[in-house]
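Chemist: can you look at this prediction? I've put the sequence above it.
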Amino acid sequence: MAFWKAGRDGDLTFNEFSSVIKEHVTRSRAAHTHPAKLLVLSSLLERLFGVKLEELIPGIETKLGSKLWGIRGSADLIFSNVVFEIKVDLDREIEDAKRQLIKYFQVLHEREPERKHIGIATDVIKFSAFSPVIEDGRVVDLKKIGSVNIAEASPSESVLWLDSFIFSKPKIRPSAQDLRWRFGPDSPTYAVSVDMLRELWERVKDESDVALKFDLWARNMEIVYGSRPEVASFIDHTYLVTLVKLIVYLRLSGDNVVREDRLRRALTGEYFSNYGIANLIEEDFFAWILHPRIVDEALRLFGDVAKELLRYDLSQIDEDFFKEIYQDIIKRSERHRIGEYYTPEWLVELTLRESLALYEEMHKGVPRILDPACGSGTFLCNAIHLLKERLLGEGKEPSEVLDFILDGVVGVDVNPLAVIIARANYVVALGELLQLGRRIVIPVYVADSVKVPKVTETLTSKGRISVYEFSVEVDGGRGRKRPYSVQIPKSVIGRKTVLSRVIDGFKAAVDSYRARKNRNEALKVFGRRCSDLVSEDEFEVLKATLSTIIRLIDDGLDAIWVFMLSNIYAPIMLAQSQFDMVVGNPPWIAMRYIENKNYQDFLKEEVLSYDLLESDQVHLFTHMEMATLFFCNSAEMYLRDKGIIAFVMPRSVLTGALHHVKFKEFKKPKMKLVKIFDMEDVSPLFNVPSCVLVAVKGGSTSYPVMARRYSGNLDEKNARLVHAVKQLNVRDYMYEPPEVPTGKSWYYDKVKEGATLVPRSFWFIDFDVHELLGIDISKPPVKTSDEILKNAKKPWKNIVLSGNVEAEFFYATLLGGDIVPFGFSTMRLVVLP
């Protein structure tokens, strides 16, 4: 047990340049003229980034002229592709600064239409960055992409913000915070790249293969978001996935220059496959950027991004490097799925170490571990480190350790963006084991762990055979849908090695068909690789599936099907192999947020099948948590008898809520709840209180159960366990479920349902206070609440109402999320007629 209780140390460093920033703020406040401000800024750029004054000349007061508009002007500083417009007082002169930037952008666009420029308006304390909005060759507006006040921000934030535009120092040590500033939503790279991706999308969105990729991606992501996501999210995901692919490529290849041929092979995964990592990158939903009509421009775009990435010393990247940028790009306002936010390192390590220690008490050997909702792979990476340390310490050969980890540390997630990040982190965590010269398949899959393909039967020349079928309807034009289905024999799914080689056979056959358009040759390629692996009737089914894929390619629906086949059947394969431990942080989403009726109906059936509700409690279904169903389903499908399940859960499952009463009985499947870690009083953690439940499959649960309450404030949310335990207090107690009242509440007749204020954009408001003139309290100007707009859905998403309203029409209200036990967190302002 002692082995699993050990801690693992880690450290992070970041140069804040505090003295330079503080001195700059002092000098800036003393500079009251335009020339003085110019000198102060020039000095800052030189001291922080090594940008010499001579590099800014003739940038300083550069004369510009536009043929289109017949205008002339002087840009204060131009460095690289950044234009500075300096003002004495930015708040007072911001509109003039924006007008000047529009003029400069017009001139620069006429000179170099292919080059993307960024403008920064500043009084050298406050900085606001803009990109041009260009229509038909004319700059018509500006889009704000970020701002910072270096007198208020921390020195590190100020330096990172500025450096994300200047990006001058080579071989920077990478960190998640640094990556977020340079490549996240407030960075110039993000703004330029996403704008370009939108343009490319508009040109190919109606192509059948591109539309299909979006449709298949959206079907997956409905489970994550609860509703069908928009194209904007798809483009964000495309940007981040491609960024991750580039980072992985540059880190593992060691290349110091960006070559277009290698770049393309890296984005399809061919580069890594040639070096023995079969599925690190696949031709996935996001390969639409390689469509022939736009591929050259896409490669130029991401070639530029790759050149910026070469400023880093990428050899220093460690696991979960992408977590912060991953969170920022998939905006909180788009999701209810709290499980989408990463689980802090300390909580992951605590959960794993306690579970492994329990396993060691009950069993011999080292457990096989599954995370069925792996996100960016934090549980997987920590498990790899712990098992690698244990196995190597026992004297195992590196090749044996690699074999065990690839078979015994497995992840699944429905979000393809999460999976590509998890795979990248998995490869980094393998470390020196990658150098064994072995061909590997990373065991992290894009799939729904709960809803898996069903068994059906099909006819072959030898008789009936059981198969798993995946069906999809694609646009056939004129509003018609064409059905396609692909099948894999049940017996093949159950043999992991055979399935992997069959998928490789599909890939080779598809590559052959793409190159030569010879159907018979493609079938022969597949036959040479796979006919000896399976029986005649199994091979007949597999050939029929390959023929369907070829027909899809002929219909312009490309080869994404190999990617689909290599992932969607993974849960079935994993369920058949079963695991010693199932760990993770399942999705926390109330059933009412699942808008897809078919999926909601499926979940309702599952909830009833696991006896999580009584038949007369169906009205409580909308309050049910996906997390409780996930807990029961994962234990039933993937966990062997006497195996251990440890999930991070919403703490509401420990309360007296009616819809959680049956869950706490742990009767289907039978489980013995053995340990609870209560995290209600730990901060920062999640947006809602949380806990960890540890149970053993088999046996029965009896209360009270040992619980450990953690409390305290952490200096760093994502701290390592060895640091977190020093800042947290621990107290053990015995947990028993609260008694559920059986009678009618005394308050029942005294409470009515609250007002139904929808659409919220019409009723929830903010005061529109003028910075100088203040507000007329008798009839103040108001506008639609910014907070409400963040969460608004179509068709109300972009509707903003504004105007003056008499004070007697203002009221305060509460939303469900504002209510806490015996109180509330905030009141919301509404206007009601």
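Modeler: Sure, I can see it.
Chemist: measure Arg173 to Asp255 for me?
Modeler: As for Arg173, its distance to Asp255 is 19 Å (criterion: C-beta to C-beta, to the nearest Å). Every residue, glycine included, has its C-beta placed from N, CA and C.
Chemist: which one's more surrounded, the two?
Modeler: Neighbours were counted for Arg173 and for Asp255 using other C-beta atoms under 10 Å; Asp255 has more, 17 against 13.
Chemist: where does that one fall, helix, sheet strand or coil?
Modeler: Secondary structure, DSSP: H, G, I helix; E, B strand; the rest coil: Asp255 is coil.
Chemist: now it, nearest residue through space, not along the chain?
Modeler: The shortest distance from Asp255 to any non-neighbouring residue, by C-beta to C-beta, 6 or more residues apart in numbering, is to Arg262 (6.8 Å).
Chemist: what count of nearby residues applies to the one you found?
Modeler: 16.
Chemist: that one against Tyr271, yeah?
Modeler: Yes - counting by C-beta atoms under 8 Å, Arg262 does reach Tyr271; the two are 6.3 Å apart.
Chemist: pull up the overlap in contacts between these two.
Modeler: Both Arg262 and Tyr271 are in contact with 249, 253, where contact means C-beta atoms under 8 Å, 6 or more residues apart in numbering.
Chemist: residues in contact with the residue nearest to Asp255?
Modeler: With contacts defined as C-beta under 8 Å, 6+ apart, Arg262 is in contact with 249, 253, 255, 271.
Chemist: need the per-residue pLDDT for it.
Modeler: As predicted, Arg262 sits at a pLDDT of 86.
Chemist: try Leu459
Modeler: 63.
Chemist: let me know the closest of the contacts of Arg262 to Asp407.
Modeler: Tyr271 (25.3 Å; C-beta to C-beta).
Chemist: show me the shaky parts of the stretch 301-450 of the chain.
Modeler: Applying pLDDT under 70 to the stretch 301-450 of the chain flags residues 318-341.
Chemist: show me where it has strands.
Modeler: For the stretch 301-450 of the chain, applying DSSP state E, counting those that start in this stretch gives strands covering 369-371, 409-413, 444-446.
Chemist: so what strands line up beside the last one?
Modeler: In other words, strand 444-446. As defined by DSSP bridges, the strand partners of strand 444-446 come to strand 409-413 (parallel).
Chemist: my read is Ala627 is in a helix, agree?
Modeler: Yes - assignment of Ala627 by three-state DSSP places it within a helix.
Chemist: can you report how many residues neighbour it?
Modeler: Neighbour tally, Ala627, other C-beta under 10 Å: 24.
Chemist: returning to what we had before: now the two most distant members of the contacts of Arg262.
Modeler: Farthest-apart pair in those is Asp255 and Tyr271; separation 9.9 Å (C-beta to C-beta).
Chemist: what touches both of the two?
Modeler: When contacts are counted by C-beta under 8 Å, 6+ apart, Asp255 and Tyr271 are jointly contacted by 249, 262.
Chemist: now the residue nearest to Asp255: which helix or strand?
Modeler: Per DSSP states H and E, Arg262 falls inside helix 260-268.
Chemist: need the next SSE after that helix, C-terminal direction.
Modeler: Once the chain leaves helix 260-268, the next helix or strand it forms, by DSSP H and E, is helix 270-274.
Chemist: in that following helix, what counts as buried?
Modeler: 271-273 (16 or more other C-beta atoms under 10 Å).
Chemist: and what of stretch 576-584?
Modeler: So for stretch 576-584, counting by 16+ other C-beta under 10 Å, buried means 578-584.
Chemist: just the closest of the residues you listed to Glu397, please.
Modeler: After measuring the buried residues of stretch 576-584 against Glu397 - C-beta to C-beta - the closest member comes out as Asp580, at 21.8 Å.
Chemist: this structure - how does it break down into domains?
Modeler: By the assignment in automatic domain parsing, the chain contains the domains 20-166, 194-317, 333-447+575-735, 483-554, 750-831.
Chemist: lowest average confidence across those, which one?
Modeler: Among these, domain 20-166 carries the lowest mean pLDDT, a mean of 77.
Chemist: which residue ranges of the stretch 351-500 of the chain form helices?
Modeler: 378-393, 398-408, 416-430, 490-493, 496-516 (DSSP state H, counting those that start in this stretch).
Chemist: show me what contacts the closest residue in space to Ser315 that isn't next to it in sequence?
Modeler: Using C-beta to C-beta, 6+ apart and skipping residues adjacent in sequence, the residue nearest Ser315 is Arg251, 6.7 Å away. Residues near Arg251 by C-beta under 8 Å, 6+ apart: 314-315, 317, 428.
Chemist: sorry, back to before: got the buried residues of helix 270-274 as JSON lines, with distance to Asp186 columns?
Modeler: Shown next, in JSON lines, are these (distance: C-beta to C-beta, whole Å):
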{"residue": "Tyr271", "distance to Asp186": "31"}
{"residue": "Phe272", "distance to Asp186": "31"}
{"residue": "Ser273", "distance to Asp186": "35"}
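Chemist: and which of those is nearest to Val692?
Modeler: Nearest to Val692 among those: Phe272, at 35.2 Å, using C-beta to C-beta.
Chemist: so that closest one makes contact with Leu280?
Modeler: Yes - the pair Phe272 / Leu280 is scored as a contact, 4.4 Å apart, by C-beta under 8 Å.
Chemist: rewinding a little: generate a markdown table for the strands of the stretch 301-450 of the chain, with mean neighbour count as supplementary columns.
Modeler: Formatted as a markdown table, the strands of the stretch 301-450 of the chain follow (neighbours: other C-beta atoms under 10 Å):
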| stretch | mean neighbour count |
| --- | --- |
| strand 369-371 | 30 |
| strand 409-413 | 28 |
| strand 444-446 | 26 |
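Chemist: so what's Lys779 up against?
Modeler: So Lys779 contacts 804-807 (C-beta under 8 Å, 6+ apart).
Chemist: rerun that using 6 Å as the cut-off
Modeler: Neighbouring residues of Lys779 by C-beta atoms under 6 Å, 6 or more residues apart in numbering: 804, 806.
Chemist: ok, the one 3 residues further on next?
Modeler: Contacts for Val782 (C-beta under 6 Å, 6+ apart) come out as 765, 767-768, 805.
Chemist: roughly how far apart are it and Ser761?
Modeler: For Val782, the distance to Ser761 - C-beta to C-beta - is 13 Å.
Chemist: what residues sit buried inside stretch 401-411?
Modeler: For stretch 401-411, by 16+ other C-beta under 10 Å, it's 401-406, 408-411.
Chemist: circling back: the strands of the stretch 301-450 of the chain into JSON lines, with extra columns for distance to Lys126?
Modeler: Putting the strands of the stretch 301-450 of the chain into JSON lines (distance: least, C-beta to C-beta, whole Å) gives the following:
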{"stretch": "strand 369-371", "distance to Lys126": "44"}
{"stretch": "strand 409-413", "distance to Lys126": "41"}
{"stretch": "strand 444-446", "distance to Lys126": "44"}
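Chemist: of all those, which one is nearest Met827?
Modeler: Of these, nearest to Met827 by C-beta to C-beta is strand 409-413, at 37.7 Å.
Chemist: now the angle from the closest one to helix 416-430?
Modeler: Relative orientation of strand 409-413 versus helix 416-430 (axes from the mean of the first three to the mean of the last three C-alpha atoms, to 10 degrees): 160 degrees.
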